[in-house]
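> Got a predicted structure plus its sequence, pasted below:
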Amino acid sequence: MQDTAKSTTRVLIVDDHPVVLSGCRALFASDASVRIDEASDAKSGHRAFLAKKPDVVLIDIKLPDVSGFELMRRIRKDDPDARIIMFSMNDDPAFVVRAVEMGAQGYVSKGDDPRILMKAVRKVAAGDNFISPQLAEAVTFSGAAIKANPASQVSARELEILRLLGRGDKIVEVAKALDISYKTVANTTSLLKQKLGAKNHSDLIRIAVEMGLD
């Protein structure tokens, strides 16, 4: 029995799309060595991570409360050795680079062949890194575009604040979501305007929407 327990790979999937969750369950159903746990937002995902201690966490970037990037930051704070794969519709090379910079061991597009996801989970569970070949190629040949992308010019926390503002949250709501002070969000918003050349708050929101952060 001990050998069976050791060979089991526990995967936590954090995604708010029922179709994605059912698809992942079906994908790994034939593999008895993989055990799936699920969460539909960052808050419940963080709780599940602490309770289940999975071998691999599969995180969607767009979650209903805070982003997958913010969830990854919170998980990393609790466990620097956590093995995380970002699983997203966003194929922008700048986001792939940002995810890796933040400590993700893998990045897979939801548009990839499902077998790519299975390979990513096995690789990352074994301690390796994995970026789907199509995205890896895009990153390799998109140096100038990555540098020009606003996502490359801001910190992870700034990116999260920008995303929340872009979806219409007020400063007080952003502060509450991230458990930081109103003043910190207000100061960061001013800094973001300078960094991104936004003329005003509406312009900053436009930039966030164009980046696909909302």
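Right, received. Where do you want to start?

> In the chain, where's the longest helix?
Longest helix in the chain, counting residues (DSSP state H): helix 182-196.

> list the buried ones in it?
For helix 182-196, the neighbour count (16 or more other C-beta atoms under 10 Å) marks 185, 188, 189, 192, 193, 195, 196 as buried. For glycine as for every other residue, the C-beta is placed from the backbone atoms N, C-alpha and C.

> and what of stretch 40-53?
So stretch 40-53, judged by 16+ other C-beta under 10 Å, has buried residues 40, 41, 42, 43, 45, 46, 48, 49.

> same check, this time on stretch 24-42
Residues of stretch 24-42 classed as buried: 24, 27, 28, 34, 36, 37, 38, 39, 40, 41, 42 (neighbour count, 16+ other C-beta under 10 Å).

> Could you dump the buried residues of helix 182-196 into CSV and include distance to residue 94 and pLDDT?
Formatted as CSV, the buried residues of helix 182-196 follow (distance: C-beta to C-beta, whole Å; pLDDT from 0 to 100):
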residue, distance to residue 94, pLDDT
185, 23, 94
188, 20, 93
189, 21, 93
192, 16, 91
193, 20, 91
195, 15, 87
196, 14, 87
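
> Turn those residues into CSV, columns for distance to residue 140.
Below are the buried residues of helix 182-196 laid out as CSV (distance: C-beta to C-beta, whole Å):
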residue, distance to residue 140
185, 36
188, 32
189, 34
192, 29
193, 33
195, 26
196, 26
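
> the helices in the protein, which residues?
Counting by DSSP H, the helices of the chain are 2-7, 18-28, 42-52, 68-78, 93-101, 114-125, 133-140, 143-148, 156-166, 171-178, 182-196, 201-210.

> then the second one to CSV, C-alphas only?
Yep, that's helix 18-28 we're talking about. Only the C-alpha atoms of helix 18-28 are listed here, as CSV (Å, rounded to 0.1, in the frame of the first residue of the first chain):
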residue,chain,number,x,y,z
PRO,A,18,-16.9,23.7,-15.2
VAL,A,19,-16.2,22.5,-18.7
VAL,A,20,-12.4,22.8,-18.1
LEU,A,21,-12.7,21.0,-14.7
SER,A,22,-14.8,18.2,-16.2
GLY,A,23,-12.4,18.0,-19.2
CYS,A,24,-9.4,17.6,-16.8
ARG,A,25,-11.2,14.9,-14.8
ALA,A,26,-11.9,13.0,-18.0
LEU,A,27,-8.3,13.5,-19.3
PHE,A,28,-6.8,11.9,-16.2
